[in-house]
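> After the sequence you'll find the predicted model.
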Amino acid sequence: MRRWPVQPVLVEARVRAGLEALRLGRMADALDRVCERASREQRSYLELLDELLEVEQSGRYERNVEIKTRLARLPYHKTMADFDYSFQPSVDKKQIANLLTLRFLEHGENVILLGPPGVGKSHIAVALALETITKGYTAYFVTLQHFIDYLAEGPEPVGVKLRVFLRPKLLVLDEVGYLPLSREAATWLFELVARRYERGSIILTSNKSYGDWGSLFPDLALASAILDRLLHHSTTLTIRGDSYRLKEKRRAGLFQTVERPPEAAGGGPHEPVA
Ligand code: ADP
Ligand code: MG
């Protein structure tokens, strides 16, 4: 084995260089601090090694999470700790806790979040995607419109572009239902759902209930082929309630000025609505 020349006074430099060469840069950075503490606290060699390995491993884990979070293209960074359950009682805390165990992911099952705008569908999807990444898996977040735009543009074949959405362990497909789909777009959605079926989980959010899904697709056969695969192994959460966005606006007093007729406002004091 090739080693650096033996010069006892340079042992530290040699260890550092060896760590760098083996791409253990975090251990190299922590070397001084950890060795100094080990000698001060009279730790064993094994404990010293244990601490250095911990530094390297936790550093790598954090970097991994950071990269995967960036690649997931989440619209914002929120967890269920940021979720106010008291504002949205139709969201069952136990059901969310169950989803956060990620058992659905291990079995390739889907999660469908239904409800009107602003009730927390994307928030819950983002929180589950972050949990997925924390557990070492990959996730990707895309709105249905972006998915369609991406497949429609550029010269690459659709089959190749589709891989972006097939690779991640978890795919969040957000905002299904705002616009009816062309035959081509519906076929791409079918392709996506069929190819991830029982292989990789999808979290889908929609403002439409299943009964209204027929109107989104050019024909019922395609709608039922998609729904059939999507729902076969799935959990549906239907959220009923007020928009959190509007609650925040009300609190800021925006709604009042918009809602009140000018004469009623009369320049008097504005009472909070929410
Ligand atoms: P949608 O259901 O339309 O996808 P979002 O999940 O994006 O709505 O929620 C809109 C905004 O309100 C987001 O910033 C989200 O974090 C916040 N929000 C929604 N519901 C709650 C809640 N119960 N507690 C805290 N923040 C919430
Ligand atoms: Mg949303």
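Here it is on my side, so go on. Ligands and ions are numbered 1, 2, ... in the order given.
> For L151, give me its contacts.
Contacts for L151 (C-beta atoms under 8 Å, 6 or more residues apart in numbering) come out as V158, K161, L162, A185, W188. From N, CA and C alone the C-beta is placed, and that goes for glycine too.
> What strand or helix carries it?
Per DSSP states H and E, L151 falls inside helix 144-152.
> ok so, going back, pick out whichever of the contacts of L151 sits closest to L230.
Closest approach between those and L230, by C-beta to C-beta: W188, at 14.3 Å.
> ok, that closest one to V142 distance?
Here the criterion is C-beta to C-beta, to the nearest Å. By it, W188 lies 12 Å from V142.
> one step back: buried sites along the helix holding L151?
Buried residues in helix 144-152, counted by 16 or more other C-beta atoms under 10 Å: L144, F147, I148, Y150, L151.
> Just checking that helix against ligand 1, any contact.
No. Helix 144-152 stays out of contact with ligand 1 when judged by C-beta under 6 Å from any ligand atom, the minimum separation being 12.6 Å.
> After that helix, which helix or strand is next?
Of the helices and strands lying after helix 144-152 in sequence (DSSP H and E), the nearest is helix 158-161.
> Which helix or strand contains V55?
helix 45-72.
> Which neighbouring elements make contact with that helix?
On a contact count with 3 or more C-beta pairs under 8 Å, 6 or more residues apart in numbering; DSSP states H and E, helix 45-72 meets helix 25-40, helix 121-134, strand 139-143.
> Tell me which of those sits nearest to ligand 1.
With C-beta to the nearest ligand atom as the measure, helix 121-134 is the member of the helices and strands packed on helix 45-72 nearest ligand 1 (3.3 Å).
> who's in contact with that closest one?
Residues outside helix 121-134 that contact it (C-beta under 8 Å, 6+ apart): 65, 68-69, 72, 74-80, 82-83, 91, 96, 99-100, 102, 105, 111, 113-115, 138-139, 141, 169-170, 172, 174-175, 203, 205-206, 237, 239.
> Mind checking which of those land in strands?
In this view, the contacts of helix 121-134 that belong to strands under DSSP state E are 111, 113-114, 139, 141, 170, 172, 174-175, 203, 205-206, 237.
> farthest-separated two in these?
Taking C-beta to C-beta, no two of those sit farther apart than L114 and A139, at 20.5 Å.
> more neighbours, the two?
Counted by other C-beta atoms under 10 Å, L114 and A139 do not tie: A139 has more neighbours, with 26 against 20.
> so where's this protein shaky on pLDDT?
Counting by pLDDT under 70, the chain shows low-confidence ranges at 1-9, 251-274.
> which parts of it sit against ligand 1?
Within the chain, the positions lying close to ligand 1 (C-beta under 6 Å from any ligand atom) are 78, 82-84, 87-88, 115, 117-123, 205, 244-245.
> and the residues you listed, which are buried?
Of these, these count as buried by 16+ other C-beta under 10 Å: K78, F83, Q88, G115, G118, V119, G120, K121, S122, H123, T205, Y244.
> Relative to F87, how far out is the fourth one?
When distance is defined by C-beta to C-beta, G115 is 13 Å away from F87.
> Give me the common contacts of those two.
Residues touching both G115 and F87 by C-beta under 8 Å, 6+ apart: G241.
> partners of L237 in the sheet?
L113 (DSSP bridges).
> doesn't V119 make contact with it?
No. At 10.2 Å, L237 does not count as touching V119 under the criterion of C-beta atoms under 8 Å.
> any shared contact partners between the two?
In contact with both L237 and V119: no residue, using C-beta under 8 Å, 6+ apart.
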